[in-house]
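[1] below are the sequence and a predicted model for it; my questions follow.
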Amino acid sequence: MSEQFEPKIVAFLCNWCSYAGADLAGTSRMQYPPNVRIIRLMCSGGLDPVYVFRALMGGADGVLIGGCHPGDCHYTNGNYKARRRVAVLKNILRELGIGEDRVWLRWISASEGGRFAETISEMVAKLKEKGPNPLPQSWAV
Amino acid sequence: MLSQGVVDGILVPQEIPSRKTVVQTLVSDPAKLEGVNPFAPVFGVNSARVVAKMCVGLTSASASQASPAAAQSATAAEQAKAGAADAPAPEGGATQTTAENRPSVESPEGATATEQPRTPLIGVVLRPCESRALVELAKLQQVSLDPFLIIGVDCWGTYSIQDYAEKAGKNANGSSVTAEFLQQAQAGKVPAELRNACRVCQYPTPACADVAVHLFGEDITRQVSVHALSEKGKDVFGALGLQATQESSGRENAVTSLRAARKQTAADDNLNFLETIATLCINCRNCRAVCPICYCRQCVFDGRVFEYTMDKYLNWSGKKGMLRMPPDKLLFHLTRMSHVSASCVACGQCEAACPSGIPLGRFYQRVSSAVQEALGYQAGRSIDDELPLTTFRDDELSAVED
C-alpha cells in the first residue's frame, strides 16, 4: 500500500498572497507534486476550523493553511488571527491524539512561487512517511 | 445585605425541604433564607447561565448607570451603625459551617431606600467555575455585570446531583452531607467520588468576585473569612459597616496542595477520545444545551449547512464504501471544542448532562487548559483580559508555524 500511497492535501490559501504564490509557481512552470487541492479564501483569518476538521475526516491526509507573512496581511491582521485559531486547532488535535502534524500553517507571499512548490513537495514527503490518515476510517466519524 | 436594602435580591443556593439537593433561588425576603447552603457539594446548573438569562431586556444604558451600591451607601451606612451594637461583625465571629453564613446585620429599622428608580443590584452567590463562566459571558457580551454583586465562595468540589441525593437519602438521621463533606475536605481528605471535572479542577478559589468567602485553611466550624475584592464589594462592606477579616495563614498551603493533587489526577488520565465518542455518543447535543459558554442563539449545526441531499450522503458513502449514520458526530464535538475551548471554564456540566456518561469534563479540561496555555489566557481570570481570539501579538506562537 505504502509504495502507491499518494497523500491528498487540501490547501486553504489566502487570495492575496499564498494563492498568488501558487499561481506564480504555475505560471513559472515550477514542478511540484500534484497531490494538492487548493481552496481559495479571501483571508487565512476567515478560515473556520470546522472546514479543517471536515477535510481531515473526509479523506484529506494533510491540510495546508497558507497566508501572508506577518505584517503583510491585505486586511492588516487577519493572518495573526489565523495563527491563534490554528494554535487552538492544533492543541485540540494534539490533546485528543488526532495527528496535529497533518495540519500545516505556512506564510507564502505572492512572489514566493518557489516556496509554495517546496512546501508541497516537503509536505508530500512527510505525509508519505506518516502514511494514510486513519481518521476517515474511524468509527467515531 | 437584603434586610438593609443594599441588594434587591440575592441569588443563593438553598436546600429543598427533603434536603436531597440544593438549588439556586432568587430571594428578596430575608425570611425566605432558611435553607441557605452555599457550600453544599452539589452542582446542578452552571449559574452563569441563570444570571445571563436575568439580563434579558436590560438595555446597556440602564445597566451602565452608576453603581447603585455607591448611591445607597450613605443611607445604609447609617443603619449599619445603628445595628452594629447588637450584631458585631458577623463574619469575624461565630459563623456556622452551613447555613446562616450570610452577612446579615439585622437592623430593627429595616427600612430600605427605594425612593428613586434605579438599576437593581442582585447579589449572586457563585462557585469559582460559575463566576469565571459569567466573566467570559460578559466578555462575549451576553451579560452585563453591572446589576450583579458577585459573591464568590471557595469550592472543594462537588458531587453529581444523583450522588448527592443518594448520600442525603442515607443520612436520614438529619446529619448534613454538606457538614460531613466540609469536615473531610478541611482535613485534607476530599472525598473521592467527586464529579470528574472537580477532581481535576485547578481553580478552587473565587475569581473576579466582588466579595469572596474563603474557606480554605480556615477552621470553618468556627468562622469563614470574607473579603471585598472590588470597588463594588468595598462599597457594600462600607454600607454594612463590615471589616475584611484576617486571612488565614494556612490558606495558601491548602490551595497549593489541592492544585498539585489535582494536576496529578489530570496527568494520570489516558482516555481515548475517538473510541469514547465512537462508542458512547448518541448525538443528543445535551452538552451544548447546558454549556455556559455555548451561547449562540442558533448553533451552526442546527442550520442548513448541515442538512444534506441524498446525493451527498451517497457520495460520501461511495468514497469510503460505507458511512456511519448519522454523520458529523465527531465533527460536532471537535467544532464545539474549537468554539468554546478558549473560554471553557471546565465546569463539567457537559459531562453531567451526557446521558451516555462520556467523560466530557475531563476532555474539555485537558483541551481547554492546553489551548488557554498556548494563548497565554485563563478563562475567567479577569474582566480586563481580552478574549484571546479577538486579539493577537506580532511575535508569538511561532511553534504553530510550519
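    Received, thanks. Since the model is a prediction, treat every value here as computed from it, not as a measurement.

[2] please count neighbours and contacts with C-alpha atoms only from this point.
    Will do.

[3] what about the residue nearest the centre of chain B, which helix or strand?
    What sits nearest the mean C-alpha location of chain B, by Cα atoms, centre = their mean, is residue B:130, with 1.2 Å. Under the criterion of DSSP states H and E, residue B:130 resides in helix B:128-139.

[4] same check on residue A:83?
    Counting by DSSP H and E, the element that carries residue A:83 is helix A:78-95.

[5] identify each buried residue in that helix, please.
    A:78-93, A:95 (16 or more other Cα atoms under 10 Å in any protein chain shown).

[6] re earlier: C-terminal to the helix holding residue B:130, what's the next element?
    That would be, after helix B:128-139 and using DSSP H and E, strand B:148-153.

[7] quick one: strands adjacent to that next one?
    The strands that strand B:148-153 pairs with in its sheet are strand B:122-126 (parallel), strand B:211-214 (parallel) (by DSSP bridges).

[8] now do the phi/psi pair for the closest residue to chain B within chain A.
    Using Cα to the nearest Cα, residue A:140 is the residue of chain A that sits closest to chain B, at 3.8 Å. Note on residue A:140: its backbone torsions stand at phi -70, psi -30 [degrees, to the nearest 10].

[9] from memory it sits against residue B:280, does it?
    No: applying Cα atoms under 8 Å as the test, residue A:140 and residue B:280 come out as separate, 9.5 Å apart.

[10] more neighbours: which of the two?
    More crowded of residue A:140 and residue B:280, by other Cα atoms under 10 Å in any protein chain shown: residue A:140, with 22 against 14.

[11] residues touching the more buried one, list them.
    B:274-275, B:277-279, B:329-330 (Cα atoms under 8 Å, 6 or more residues apart in numbering or on different chains).

[12] re earlier: okay, the residue nearest to the centre of chain B: pLDDT?
    For residue B:130, the pLDDT comes out at 93.

[13] show me where the stretch 151-300 of chain B has helices.
    For the stretch 151-300 of chain B, the helices defined by DSSP state H, counting those that start in this stretch occupy B:161-170, B:177-186, B:196-199, B:231-240, B:251-267, B:273-280, B:286-290.

[14] does chain A sit close to the fifth one?
    No: shown here: helix B:251-267 not in contact with chain A (Cα under 8 Å from any Cα of the partner chain), separated by at least 11.8 Å.

[15] what's that helix in contact with?
    B:199-205, B:216-218, B:362, B:366.

[16] residues in contact with the closest residue to chain A within the stretch 51-200 of chain B?
    At 15.6 Å from chain A, residue B:200 is the closest residue in the stretch 51-200 of chain B, using Cα to the nearest Cα. For residue B:200, the contacting residues are B:262-263, B:265-266, B:362, B:365, by Cα under 8 Å, 6+ apart.

[17] hmm, 10 Å instead?
    Residues in contact with residue B:200 (Cα atoms under 10 Å, 6 or more residues apart in numbering or on different chains) are B:157, B:194, B:258-267, B:269, B:346, B:361-362, B:365-366.

[18] just the buried ones from these, in PyMOL syntax?
    Here is the PyMOL command that selects the buried residues among those (16+ other Cα under 10 Å):
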select buried, chain B and resi 157+194+258+259+262+266+346+361+362+365+366
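
[19] near the residue of chain B found nearest chain A, how many other residues are there?
    Going by Cα to the nearest Cα, chain A is nearest to residue B:278 of chain B, at 3.8 Å. Here the number of neighbours of residue B:278 (other Cα under 10 Å) works out to 16.

[20] look up the closest residue to it, ignoring the ones flanking it.
    residue A:140 (3.8 Å; Cα to Cα, 6 or more residues apart in numbering or on different chains).

[21] before we move on, which element is the residue nearest the centre of chain A in?
    Compute the mean C-alpha point of chain A, and by Cα atoms, centre = their mean the closest residue is residue A:64, 0.4 Å away. Secondary structure assigned from DSSP H and E places residue A:64 in strand A:62-67.

[22] that strand vs helix A:78-95, what angle?
    Taking axes from the mean of the first three to the mean of the last three Cα atoms, to 10 degrees, one finds strand A:62-67 and helix A:78-95 inclined to each other by 160 degrees.

[23] using CSV, write out the CA atom coordinates for strand A:62-67.
    What follows is strand A:62-67, C-alpha atoms only, in CSV (Å, rounded to 0.1, in the frame of the first residue of the first chain):
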residue,chain,number,x,y,z
GLY,A,62,-2.9,16.7,5.2
VAL,A,63,-4.2,20.3,5.4
LEU,A,64,-2.2,23.3,4.4
ILE,A,65,-3.2,26.8,5.6
GLY,A,66,-1.4,29.5,3.6
GLY,A,67,-1.4,33.2,4.5
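
[24] mind listing what's buried along that strand?
    Neighbour-count burial for strand A:62-67, with 16+ other Cα under 10 Å as criterion, is recorded at A:62-67.

[25] briefly note if that strand comes near chain B.
    Yes: using Cα under 10 Å from any Cα of the partner chain, strand A:62-67 reaches chain B at A:64-65.

[26] partner strands of that strand, parallel or antiparallel?
    Note on strand A:62-67: by DSSP bridges, its sheet partners are strand A:9-14 (parallel), strand A:103-107 (parallel).

[27] just the mean pLDDT for that strand, thanks.
    Average pLDDT, strand A:62-67: 96.

[28] first-to-last residue distance for stretch A:99-116?
    One end of stretch A:99-116 to the other measures 23 Å (Cα to Cα, to the nearest Å).

[29] and for stretch B:13-24?
    One end of stretch B:13-24 to the other measures 4 Å (Cα to Cα).

[30] check the offset of stretch B:32-46 from the chain's centre.
    Centre-to-centre, stretch B:32-46 and its host chain are 12 Å apart (Cα atoms, centre = their mean, to the nearest Å).

[31] now do the same end-to-end measure for that stretch.
    22 Å.

[32] pull out the buried positions in that stretch.
    Under the neighbour-count criterion of 16+ other Cα under 10 Å, stretch B:32-46 has B:33, B:35-46 buried.

[33] what is the rounded mean pLDDT of the helix or strand hosting residue A:129?
    Under the criterion of DSSP H and E, residue A:129 resides in helix A:113-130. Mean pLDDT, helix A:113-130: 95.

[34] if we can go back for a sec, could you dump the strands paired with strand B:148-153 to a markdown table with mean pLDDT and mean neighbour count?
    What follows is the strands paired with strand B:148-153, written out as a markdown table (pLDDT from 0 to 100; neighbours: other Cα atoms under 10 Å in any protein chain shown):
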| stretch | mean pLDDT | mean neighbour count |
| --- | --- | --- |
| strand B:122-126 | 92 | 26 |
| strand B:211-214 | 88 | 25 |
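
[35] including distance to residue A:29, could those strands go into a markdown table?
    Output for the strands paired with strand B:148-153, formatted as a markdown table (distance: least, Cα to Cα, whole Å):
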| stretch | distance to residue A:29 |
| --- | --- |
| strand B:122-126 | 64 |
| strand B:211-214 | 68 |
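
[36] who wins for proximity to residue B:388 among the ones you listed?
    Closest approach to residue B:388 among the strands paired with strand B:148-153 (Cα to Cα): strand B:122-126, 24.2 Å.

[37] now that closest one against helix B:128-139, angle please.
    Angle, strand B:122-126 to helix B:128-139, by the same axes, to 10 degrees: 130 degrees.

[38] pLDDT below threshold where in the chain?
    No chain specified, so I'll use chain A. A:1-3 (pLDDT under 70).

[39] correction: the question concerned chain B.
    Confidence mapping of chain B against pLDDT under 70 gives the ranges B:59-117, B:172-175, B:244-248.
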